[in-house]
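In: Here is the input, now give the coordinates:
(chains A, B, C and D)
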Protein chains: 2
Amino acid sequence: MRLSKRGEYGLRAMIMMAEPAEKKGVHKMMQIKEIAEREEISPKFLEQIMLALKNAGLLHSKMGVGGGYYLARAAGEITLGQIFRVLDGPVAPVKCVSQMAYEPCGCPDEQTCGLRLVMGDVRNAIADILDHTSLKDVIKRQGAVRRRLGLSKK
Amino acid sequence: MRLSKRGEYGLRAMIMMAEPAEKKGVHKMMQIKEIAEREEISPKFLEQIMLALKNAGLLHSKMGVGGGYYLARAAGEITLGQIFRVLDGPVAPVKCVSQMAYEPCGCPDEQTCGLRLVMGDVRNAIADILDHTSLKDVIKRQGAVRRRLGLSKK
DNA sequence: CCTAAAGCATACTAATATTATAGGATTTAT
DNA sequence: ATAAATCCTATAATATTAGTATGCTTTAGG
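Out: A predicted model of the protein is given here:
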């Protein structure tokens, strides 16, 4: 049940972009170089990830000097589930309970397969969280923790 | 977020063993050969899986002619979470929210990392399901579905 | 218009993990 | 003694992951 590095980096990048997007407007741009430095990850690897997010319609970009990426929609309108699926594929632990990529998984009787029933619950539990958590929610939550710890960013 | 074949086969085998265990007593034995045939999986692969479950204390075995495996405890006392962890490792999507295998995951500030907070929720949601679903629960649920569909096993 | 800075796109590689397969050792009922 | 079963470990084949490399395209600014 692991999140790939690809997914992790992509989610981190999107969360990082959401903060300025909320404060300074959605069109506030960020560059790969900057994000990669702050997260200490390979800029080239991140480039691929950002490109995938862009081609999936979650990011927009501007080419050329002074270019960069910005969120395609308000931070409240982009969920972690959307990002996750672009980078790591379906949320479901087994294909036979996947909404976005169903395939039979070879149990003798799928309808009454106990494992499938439970894994369906797991899928729903994960999807419930990821699909109902927007980038804005994450930012708010980070802020709440900071305040609670008295680290309130100055 | 995928369940490995190892995990899938192991969970299926344990669920399959739980039914006779409930009906005929925990010591009802089953052999690898039989399980592998019914699930249409490689007996040799299953052998490794069963051995792991045995070494983890979830199964007991009897060697030699007429031997086989049986549940180490009543079906109500073995959870899917226990089985899953033996075969697929920690439930957590990222190591920094793992209960059984914590490791820092390299965010600048772990305490206030938004991704970590959400992934913690995901971990808990998955663990809640798997740790509170016993083999007996699965059997009961399968039975309920069968009855509802009028397939009540005769 | 030239150049440098940025994204775009794809191919490739190295490392790791997964899914088995193989082969023998050990135990036990008959 | 034999055959049937588990035990145990090594190995192979394949797939996935994570990261590199290379060149192309677009654009701001001198």
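In: What ranges does chain A have for its helices?
Out: Along chain A, counting by DSSP state H, helices occupy A:5-24, A:32-39, A:43-55, A:80-88, A:114-131, A:135-148.
In: Tabulate those (TSV), appending mean pLDDT, mean neighbour count and distance to DNA strand D.
Out: C-beta here means a position set from N, CA and C on the backbone, and glycine is covered the same way. Below are the helices of chain A laid out as TSV (pLDDT from 0 to 100; neighbours: other CB atoms under 10 Å in any protein chain shown; distance: least, CB to the nearest atom of the strand, whole Å):
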stretch	mean pLDDT	mean neighbour count	distance to DNA strand D
helix A:5-24	94	20	3
helix A:32-39	96	16	10
helix A:43-55	98	16	4
helix A:80-88	98	21	7
helix A:114-131	98	20	16
helix A:135-148	96	17	21
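In: so which of those helices gets nearest DNA strand C?
Out: In terms of CB to the nearest atom of the strand, the element of the helices of chain A nearest to DNA strand C is helix A:32-39, at 3.8 Å.
In: neighbouring contacts of that closest one?
Out: Residues lying outside helix A:32-39 but in contact with it, judged by CB atoms under 8 Å, 6 or more residues apart in numbering or on different chains, are A:9, A:12-13, A:16-17, A:42-43, A:46-47, A:50, A:68-69, B:108.
In: mind running it again at 10 Å?
Out: A:8-9, A:12-14, A:16-17, A:30-31, A:41-47, A:49-51, A:61, A:67-69, B:106-108 (CB atoms under 10 Å, 6 or more residues apart in numbering or on different chains).
In: Among the helices of chain A, which comes closest to B:G76?
Out: Comparing the helices of chain A by their distance to B:G76 (CB to CB), the top pick is helix A:114-131, with 14.4 Å.
In: and that closest one, does that touch DNA strand C?
Out: No. Contact between helix A:114-131 and DNA strand C is absent, the nearest approach being 14.4 Å (criterion: CB under 7 Å from any atom of the strand).
In: can you give me the offset of that helix from its chain's centre?
Out: 18 Å (CA atoms, centre = their mean, to the nearest Å).
In: hmm, it touching chain B?
Out: Yes. Interface with chain B: helix A:114-131 contributes A:114-119, A:121-130 (CB under 10 Å from any CB of the partner chain).
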